[in-house]
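Colleague: have a look; sequence and predicted model below, questions after that.
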Amino acid sequence: MQLRDRMREDLRVRNYSERTQRTYVDAVGKFAQHFDRPPGQLTEEDVRAYQVFLVEDRHVSWTLFNQSVCALRFFYRTTLGRDWAVKHIPFAKPPHELPEVLSQREVLLLFEQIANIKHLAMIMLAYSGGLRVSEIAHLRVADIDSERMVIHIRLGKGRKDRFVPLSPMLLDMLRQHWLIEKPRDYLFCGKYPDRPITITTIQKVCTRAAKRAGIRKKVSMHTLRHTFATHHLEAGTDLRTLQLMMGHT
């Protein structure tokens with residue numbers, strides 16, 4: 001069995017998501033490609049040299065750098081059983097920057113720039129429920145519980161389920177979307193009715209609306225999630241409740 005297949009199996013039996021499996025396997029593949037040698041033949045010194053290369057030559061983001069660290073740690077410690085992995089493959093300490101947060105007025109300006117009901121429903125979900133963009137993309141019609149007024153987030157980050165409150169205004173918007181689009185499985189379909197909308201498409205909807213609204217802050221779907229949290233804290237929501245709603249460990 002090839003090491004790539006063995007690593008995939010190790011990730012699968014430990015219940016890592018498909019996305020994480022692809023990310024980790026690709027990261028180890030790039031590491032091996034850099035040295036043009038099988039990763040099983042590379043040592044901790046090679047790992048160190050690769051980390052220096054990522055920082056000094058590639059100037060990758062700290063997020064991508066630490067993804068590579070996670071992948072290499074898993075590969076050497078779990079797939080190859082080499083215990084030196086944790087000690088000799090350190091994480092980077094990224095700079096701590098405060099996230100952008102929109103005011104309530106800016107949120108309303110953002111909403112006003114979106115005429116498409118489907119697009120508006122997706123953006124409202126990010127702000128009203130604090131959902132991650134990937135969670136919005138994979139929502140299904142059955143996840144909207146109008147009787148209990150909650151949204152069921154299935155297998156979110158960390159493979160964890162959770163419930164978030166469903167506001168009457170958001171429910172009304174989702175019903176308008178359903179009457180127009182008639183989705184059968186995924187709440188927000190992409191080009192094909194049996195496939196979810198792409199994360200890239202949702203992000204574009206958000207950034208274009210922010211530009212039309214004249215908002216000078218750097219706005220993304222994750223900005224709306226931060227804004228959701230900040231506005232809840234300002235309204236007096238306790239940290240534990242907010243933690244559960246956002247799916248944080």
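Modeller: Received the coordinates, thanks. Numbers count the residues shown, from 1 in each chain.
Colleague: Glu112 versus Leu131, what's the distance?
Modeller: Distance check for Leu131 against Glu112: by CB to CB, to the nearest Å, it reads 21 Å. For the C-beta atoms, the positions are set from N, CA and C on the backbone; glycine is no exception.
Colleague: which parts of this protein are helices?
Modeller: 3-13, 18-35, 44-53, 62-74, 84-88, 104-112, 117-129, 133-137, 168-181, 199-212, 221-234, 239-246 (DSSP state H).
Colleague: can you tell me the average pLDDT over the second one?
Modeller: Mean pLDDT, taken over the full extent of helix 18-35, equals 91.
Colleague: counting contacts, what elements does that helix pack onto?
Modeller: Judged by 3 or more CB pairs under 8 Å, 6 or more residues apart in numbering; DSSP states H and E, the packing partners of helix 18-35 are helix 3-13, helix 44-53, helix 62-74.
Colleague: okay if I get those helices as CSV plus distance to Ser220, mean pLDDT and mean neighbour count?
Modeller: Formatted as CSV, the helices and strands packed on helix 18-35 follow (distance: least, CB to CB, whole Å; pLDDT from 0 to 100; neighbours: other CB atoms under 10 Å):
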stretch, distance to Ser220, mean pLDDT, mean neighbour count
helix 3-13, 28, 90, 15
helix 44-53, 28, 87, 15
helix 62-74, 13, 86, 18
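Colleague: pLDDT weak spots in this protein?
Modeller: By pLDDT under 70, the low-scoring segments of the chain are 1, 84-88, 90-98, 155-159, 249.
Colleague: what residue of it is the furthest out?
Modeller: Gln41 (33.1 Å; CA atoms, centre = their mean).
Colleague: ok, now how distant is it from Leu80?
Modeller: 11 Å.
Colleague: ok, back up a step: of all the helices of the chain, which lies closest to Met149?
Modeller: helix 168-181 (7.2 Å; CB to CB).
Colleague: which elements pack onto the closest one?
Modeller: Helix 168-181 sits against helix 117-129, with contacts defined as 3+ CB pairs under 8 Å, 6+ apart.
Colleague: Gly28: how many residues sit nearby?
Modeller: For residue 28 the amino acid is Val, not Gly. Residues within reach of Val28, counting by other CB atoms under 10 Å, total 22.
Colleague: skipping its backbone neighbours, what lies nearest it in space?
Modeller: Distance criterion CB to CB, 6 or more residues apart in numbering; nearest residue to Val28, sequence neighbours excluded, is Phe75 at 4.9 Å.
Colleague: list the contacts of the one you found.
Modeller: Neighbour list for Phe75: 3, 7, 24, 28, 39, 85 [criterion: CB atoms under 8 Å, 6 or more residues apart in numbering].
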